[in-house]
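*Asks:* Following is a predicted model, sequence given first.
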Amino acid sequence: MNEATALARATGACVMLIHHVAKGSTKEIRSALDAMEAIRGSGAIAGSARAAYVLWPPADGGRNVCEVLGSEFKEGRVAFGLVAKAYGDARRDRSVFVRNERGILTDRTQAYNALSGGDTDAMRTDLLRAIREAWQRGEAFAASQGSNGLHSRRFELPESFHEKPRQWFEEQAGKLLAEGNIKRLSYRGGARLVPADAETAVPTPPEGATPEAENVAPEVAE
């Protein structure tokens, strides 16, 4: 990285390096932090770069994306992408790439989101509001996708959320975290999703109310 940085400084050119990610790490990418940690040797590589972008194959190989877009499924045809690090403005949402007839990855994010009824700004805003309201009630959602996570408790949300799969909630929570709208705070051996301005995972309950720690069993991750 030192040589690449020196070359860029000396020539004013944009120097791009390609590197692999840690084996098996891409299945858990939900945010820029996850993407950064997936880069093997990220301390030396991503830490010295002005920007880092991670590409990885979907867990199902891309079958769902091809089905939504009406494209023929082929192994290696679909890839997801996410900005792991950038100095300056960058689109932090996950991108969907599909290879065209020449084998070039093309950005099909807008088409995929439109056809899948995807992660619209309005639904993300509603989800952010629901996370704040749950926290204010002393019933913050678990950061994991276990029995107290967003997917398991989706029927507490508006009806439009009820049919959303687990992966959708993971992606939306990742976006809210990456944008700094919410954060994780440790609680009872796990973590909770709370508003960005929260100082505690579970606020002090109203007088006469039973604290969550006394009436809720410890969360169990699925």
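*Replies:* That came through fine.
*Asks:* quick one: stretch 171-190 to chain centroid distance?
*Replies:* 9 Å (CA atoms, centre = their mean, to the nearest Å).
*Asks:* Go ahead and name everything in contact with it.
*Replies:* 29-34, 92-94, 119, 123-124, 127-128, 131, 140, 142-144, 150, 191-196, 198, 200-202, 213, 218-219, 221 (CB atoms under 8 Å, 6 or more residues apart in numbering). Every C-beta, even on glycine, is put in place using the N, C-alpha and C of the backbone.
*Asks:* Please enumerate the strands of this protein.
*Replies:* 51-56, 78-86, 95-99, 105-107, 182-187, 190-195 (DSSP state E).
*Asks:* Out of those, the one nearest residue 22 is which?
*Replies:* Nearest to residue 22 among these is strand 51-56 (10.7 Å), distances taken as CB to CB.
*Asks:* for the record, mean pLDDT for the closest one?
*Replies:* Summarised as a single mean, pLDDT over strand 51-56 is 90.
*Asks:* on that earlier part again, need the strands of the chain in CSV with distance to residue 165, can you?
*Replies:* As requested, the strands of the chain are exported to CSV (distance: least, CB to CB, whole Å):
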stretch, distance to residue 165
strand 51-56, 18
strand 78-86, 15
strand 95-99, 15
strand 105-107, 23
strand 182-187, 20
strand 190-195, 18
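*Asks:* Out of those, flag the one nearest residue 71.
*Replies:* Per CB to CB, nearest to residue 71 of the strands of the chain: strand 95-99, 6.3 Å.
*Asks:* Thanks again, I'm all set now.
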